[in-house]
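Trainee: Generate coordinates for the sequence data below:
(chains A and B)
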Amino acid sequence: MKKHLTIFGSLLIFSIAMIPAGFQRSLDASTPIAALLFDLGEAKPEHFIEAPTTEAILRGEEIVKLGRTIAPNGSQSSYVSKYYTCTSCHNVVREDPDLTVVNQDARLEYAMTNNIPYLQGSTFWGMVNRETWYNDDYVLKYGDLVRKAEKSLKESVHLCATVCAQGRPLEDWEMKSVLAYFWSLQMQIGDLNLSDSEKKQLAGTTLTNEEKIALVKSRYLQKSPATFVNPPDNKKKGYPYEGDPKLGKGIYELGCQHCHRPEGESDVVFDNSSLTYKWLKKHIPDNSELSIYEIIRKGTYAEYGHKEYMPHYTLEKMSDRQLEHLRAFIEHPEDAN
Amino acid sequence: MYKHLFMRPILLILLTLWTSVVFSQTEYAYETFDDTRVVNGHSVETNLEGVLTFIISHRFGTLNLGAYEVWGLDNATMRMGLDYGLTNNLMIGIGRSTFEKTADGYLKYRLLAQSSGDRTVPVTITLLGTTALKTLKRFDGIDLSLQQKLSYTSQVLISRKFGPRFSAQLMPTYLHRNLVEDDEQNDILSLGFAGQYQLSKNWSLSMEYYATPGSALPDGSGASPEYSQSMALGVQIDTKGHVFQLHFGNSRGMIEKFFVAETDGKWQKGDIHFGFNITRDFTVKGRRVR
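Mentor: Numbers count the residues shown, from 1 in each chain, chains lettered A, B, ... in the order given. Predicted coordinates for the structure are as follows:
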């Protein structure tokens, strides 16, 4: 008996010794990336929510998609914004086939294949896995207005609600609900397109925890880069690319018409009639917001008495070439069929 | 604990239904007319939920007044009004006109929307009910009761958008005036016609005509002046948040009872009033679904 216990004890000690240090989670496709990183020693971010409830997630989803929800006290909450919902500018699904790079062409193709709106804002899918928000030129242009938001998802939500959406600040329970919903949209291991050898490396002992964290983070962008660009110097000539009207049609339908639809966010409806195409085409060379180059690259501003405005597309959200696709479609919609 | 939670599935079902509507193959006609008014009368359009419209209208004197009166510009009547969308299909409005010091209010409901695809509906139908209160004191000093000052109009507005450029509308109209002159009728049935032709994305032409039967209009031999059928032609410019409507017509009143039954101008005599409507939209409340 004593001999048996000794053997069993030795095997147990050996087995425990074989467990990789600091790593207790089994890896499968549905493993949340954040949970894996926490296990590997990554600090929990400010926007972390411990075990969000289903009620909070549902509330958050309604706030994001409908603009309001039923408050915990049972009353109907007021709209966060009179003009927009979060989904006016943001998707809630994956947008990029490859999460490691900004590739506008790949994203447009992915959007057209999956009928996903092609919008100015970054998707909420994986938003909690980002480490900075309102990046790059947003900071350069808006300075202190966005500096706190750059480092904080909560501050970003606050900024988006009050400034971008021209609405009101979120109450504490609303913020928690939105974050709970965001956490339900976090990335999982299966989203990272890891190779078998990379999975083995993550599960094995050859890499330190820091190296494993680096490996995981190398498979997705921790921020959405944002570059503000100008319209072309000569709007008659446009950018030096040849446009593809078929891709332009995708941008028109999934981008422009997302808001410029009947009863949409914008008063100006872009239908599929020659009247609309002619009007858009006529104003292409204009030095005003009526030009697609001006409005897409610069957007418009909320004005007193007319708060509705259009946010611009950064270079990462619509490339110069894609703007030429859109122009090609507007000028020759018949070629898109 | 969360007794309200039963509402959440309902909201999500509504969201799903909305999504299914958005992605269904039914296409609804939109902007059949550029504004909620054609010229004097209403179009089938209603405000979106939560949108408040300030509308200011002027009708000047007749062109045949000549240069001294700047072809009518020296004499203006004016109506100011507020319209509000209670839902995307139901709106209310109030207004006050200097013409016979008349206040008015209305309720308008879009019953049916023209659509094609999975659900085909050939026309848009909107119901309109208006009330007008004439507060102008009588020249003979007789003080009228509230009831005597009131008149009512009911309209069924039936329109069809025939394409991106052309829309037409029929307006069967029932007008009741509580107090009329001996040579006028309390109840009048009229049939209105309206049309809009889109010249470009922002510019359009419009016309409006009310075929009020001659038998219902005084011929001028009695206490009332001679009244005619109302006809107007106009041009509309749609800009961001504003609609400008400039028009010429033989009616001076901007409320149904005036242009349906009390139009005292004749086109052939040059009794043509220049006028305009300018509207400004304000979003004062969020919308239930977009």
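Trainee: Give me the domain ranges for chain A.
Mentor: According to automatic domain parsing, chain A is divided into the following domains: A:19-226, A:245-336.
Trainee: Please produce TSV containing those domains, extended by distance to B:Val39, mean neighbour count and mean pLDDT.
Mentor: No exception for glycine: its C-beta is placed from N, CA and C like everyone else's. TSV is the format used below for the domains of chain A (distance: least, C-beta to C-beta, whole Å; neighbours: other C-beta atoms under 10 Å in any protein chain shown; pLDDT from 0 to 100):
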stretch	distance to B:Val39	mean neighbour count	mean pLDDT
domain A:19-226	31	17	94
domain A:245-336	22	18	95
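Trainee: where's the residue nearest the centre of chain A, which helix or strand?
Mentor: By C-alpha atoms, centre = their mean, chain A has its centre lying nearest to A:Thr123, at 2.0 Å. Assigning secondary structure by DSSP states H and E places A:Thr123 outside every helix and strand.
Trainee: Kindly report the same for B:Ser57.
Mentor: Applying DSSP H and E, one finds B:Ser57 within strand B:51-62.
Trainee: Within the sheet, what are the partner strands of the next helix or strand after that strand, with directions?
Mentor: Toward the C-terminus, strand B:51-62 is succeeded by strand B:76-85 as the next helix or strand (DSSP H and E). Strand B:76-85 sits in its sheet next to strand B:51-62 (antiparallel), strand B:90-97 (antiparallel), going by DSSP bridges.
Trainee: can you redo these as JSON lines with mean neighbour count, distance to A:Tyr293 and mean pLDDT?
Mentor: Formatted as JSON lines, the entries for the strands paired with strand B:76-85 read as follows, by neighbours: other C-beta atoms under 10 Å in any protein chain shown; distance: least, C-beta to C-beta, whole Å; pLDDT from 0 to 100:
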{"stretch": "strand B:51-62", "mean neighbour count": "20", "distance to A:Tyr293": "30", "mean pLDDT": "96"}
{"stretch": "strand B:90-97", "mean neighbour count": "19", "distance to A:Tyr293": "37", "mean pLDDT": "98"}
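Trainee: Out of the ones you listed, flag the one nearest B:Thr77.
Mentor: strand B:51-62 (5.1 Å; C-beta to C-beta).
Trainee: Can you name the residues that contact the residue nearest to A:Met127 when sequence neighbours are not counted?
Mentor: Using C-beta to C-beta, 6 or more residues apart in numbering or on different chains and skipping the chain neighbours, the partner closest in space to A:Met127 is A:Phe182 (5.1 Å). By C-beta atoms under 8 Å, 6 or more residues apart in numbering or on different chains, the contact set of A:Phe182 is A:47, A:60, A:124, A:127-128, A:153.
Trainee: What of A:Gly121?
Mentor: Applying C-beta under 8 Å, 6+ apart to A:Gly121 gives the contacts A:89-91, A:311, A:317.
Trainee: If we check chain B, which of the residues you listed are in contact?
Mentor: Applying C-beta under 8 Å from any C-beta of the partner chain, the subset of the contacts of A:Gly121 adjacent to chain B is empty.
Trainee: Could you dump those into CSV with distance to A:Ile189 and secondary structure added?
Mentor: Putting those into CSV (distance: C-beta to C-beta, whole Å; DSSP: H, G, I helix; E, B strand; the rest coil) gives the following:
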residue, distance to A:Ile189, secondary structure
A:Cys89, 29, coil
A:His90, 24, coil
A:Asn91, 21, coil
A:Pro311, 33, coil
A:Lys317, 27, coil
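Trainee: Of those, just say which sits nearest to chain B.
Mentor: Nearest to chain B among the contacts of A:Gly121: A:Cys89, at 12.5 Å, using C-beta to the nearest C-beta.
Trainee: A:Pro311 is in contact with the closest one, correct?
Mentor: Yes: counting by C-beta atoms under 8 Å, A:Pro311 is a contact partner of A:Cys89 at 6.2 Å.
Trainee: Identify the contacts common to those two.
Mentor: A:120-121, A:164.
Trainee: between those, which is closest to A:His260?
Mentor: A:Gln120 (13.2 Å).
Trainee: Skipping its backbone neighbours, what lies nearest the closest one in space?
Mentor: A:Pro311 is the one closest to A:Gln120 (C-beta to C-beta, 6+ apart), at 4.8 Å.
Trainee: From B:Val260, how far out is that neighbour?
Mentor: In this view, A:Pro311 and B:Val260 are 47 Å apart by C-beta to C-beta, to the nearest Å.
Trainee: Any idea which residue of the stretch 51-200 of chain B lies closest to chain A?
Mentor: B:Pro164 (3.6 Å).
Trainee: got a list of what that residue touches?
Mentor: So B:Pro164 contacts A:271, A:273-276, B:198 (C-beta under 8 Å, 6+ apart).
Trainee: Give me the three-state assignment for the closest residue to A:Ala203 other than its chain neighbours.
Mentor: Leaving aside its sequence neighbours, A:Ala203 sits nearest to A:Leu27 (C-beta to C-beta, 6+ apart; 5.4 Å). Classification of A:Leu27 by DSSP: H, G, I helix; E, B strand; the rest coil places it in coil.
Trainee: residue ranges with poor pLDDT in chain B?
Mentor: Low-confidence segments of chain B, defined by pLDDT under 70: B:1-24, B:289-290.
Trainee: At the geometric centre of chain B, which residue do we find?
Mentor: Against the mean C-alpha coordinate of chain B, by C-alpha atoms, centre = their mean, the closest residue is B:His42 at 2.0 Å.
Trainee: mind checking how far that one is from A:Ala302?
Mentor: Between B:His42 and A:Ala302 the computed distance is 31 Å (C-beta to C-beta).
Trainee: quick one: what helix or strand has residue 182 in it?
Mentor: Picking chain A for this. Assigned by DSSP H and E, A:Phe182 falls in helix A:172-184.
Trainee: if we can go back for a sec, give me the three-state assignment for the residue of the stretch 51-200 of chain B closest to chain A.
Mentor: Going by three-state DSSP: B:Pro164 is coil.
Trainee: so A:Leu159 makes contact with A:Leu145?
Mentor: Yes: counting by C-beta under 8 Å, A:Leu145 is a contact partner of A:Leu159 at 7.3 Å.
Trainee: I'd assumed A:Ala214 was in contact with A:Gln201.
Mentor: No: A:Gln201 is not in contact with A:Ala214 according to C-beta under 8 Å; the separation is 11.0 Å.
Trainee: tell me the contacts of B:Ser228?
Mentor: For B:Ser228, the contacting residues are B:217, B:250, B:263-266, by C-beta under 8 Å, 6+ apart.
Trainee: how about the helices in the stretch 151-300 of chain A?
Mentor: A:153-159, A:172-184, A:196-203, A:209-217, A:245-251, A:257-259, A:274-282, A:292-298 (DSSP state H, counting those that start in this stretch).
Trainee: cool, the stretch 151-290 of chain B as well?
Mentor: Secondary structure of the stretch 151-290 of chain B (DSSP H, counting those that start in this stretch): helices at B:256-261.
Trainee: Quick one: end-to-end distance for stretch A:252-264.
Mentor: 15 Å (C-alpha to C-alpha, to the nearest Å).
Trainee: Alright, calling it a day.
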